[in-house]
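K.L.:
Sequence unavailable; structure follows:
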């Protein structure tokens with residue numbers, strides 16, 4: 001019996017990882033059985049090409065590696081994880097929560113292509129990662145939608161607090177804006193669940209408010 005796979009997706013600076021951690025902590029507190037995944041697996045050898053790409057070894061701009069090549073870097077890392085880490089749990093019916101997944105290629109790579117090619121890319125991505133590589137499709141994708149300017153403010157604040165600098169994705173404002181556009185297109189085309197991170201007046205919603213909305217969407221997957 002196949003398990004259930006819930007994916008958290010969003011642009012850099014959307015607060016996705018924070019919300020993912022909150023949901024995982026709540027599930028643990030309630031004694032629910034699940035496995036958590038975080039992509040990319042930066043600590044694993046399977047992410048070597050991703051680290052080289054994000055570190056600028058293939059060029060200082062995201063466009064220096066085309067959408068299809070870059071997508072393959074991330075897909076291989078996910079495939080390694082599926083084979084080594086979570087495939088057996090999933091096949092036995094387990095609940096899997098993932099911070100990023102195949103969905104990230106739709107958000108971060110399609111934007112390198114002309115807009116009229118985005119939907120073709122989504123179809124290619126589905127065929128490549130799911131049909132050809134055999135990775136399971138998500139049962140639910142929660143897409144955290146943060147306006148680009150707000151995301152940039154959060155990214156810069158994080159960099160200042162941690163004395164770090166962003167990778168080639170995070171330092172490129174134009175690229176981040178395109179990623180938001182492709183993310184919204186993907187959410188519409190692929191049936192993702194969009195969660196707005198800002199209120200109607202443009203202010204960022206509280207973590208608690210966003211969490212409550214996410215919980216409403218995902219709780220049906222682990223009701224006893």
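P.N.:
Ah, there it is. Because the structure is predicted, anything quoted here is derived from the model rather than measured. Residues are numbered from 1 along each chain as shown.
K.L.:
Show me the strands in the protein, by range?
P.N.:
Secondary structure of the chain (DSSP state E): strands at 4-10, 35-38, 95-99, 140-145, 193-196.
K.L.:
report the longest helix in the chain, please.
P.N.:
Assignment by DSSP state H gives helix 173-190 as the longest helix of the chain.
K.L.:
Leaving out the residues flanking it, which one is nearest to the residue positioned nearest the centre of the chain?
P.N.:
Compute the mean C-alpha point of the chain, and by Cα atoms, centre = their mean the closest residue is residue 100, 2.8 Å away. Nearest residue to residue 100, sequence neighbours excluded (Cβ to Cβ, 6 or more residues apart in numbering): residue 39, at 4.2 Å. In this view, the C-beta of every residue, glycine as well, is placed from N, C-alpha and C.
K.L.:
Could you report the neighbour count for that neighbour?
P.N.:
If you count neighbours by other Cβ atoms under 10 Å, residue 39 ends up with 19.
K.L.:
same question, residue 14
P.N.:
Around residue 14 there are 28 other residues, counting by other Cβ under 10 Å.
K.L.:
wait, isn't it in contact with residue 148?
P.N.:
No. Residue 14 lies out of contact with residue 148 (Cβ atoms under 8 Å); the separation is 10.0 Å.
K.L.:
Neighbours of the residue nearest to residue 109 when sequence neighbours are not counted, how many?
P.N.:
Leaving aside its chain neighbours, residue 109 sits nearest to residue 67 (4.1 Å; criterion: Cβ to Cβ, 6+ apart). Neighbour count for residue 67, taken as other Cβ under 10 Å: 21.
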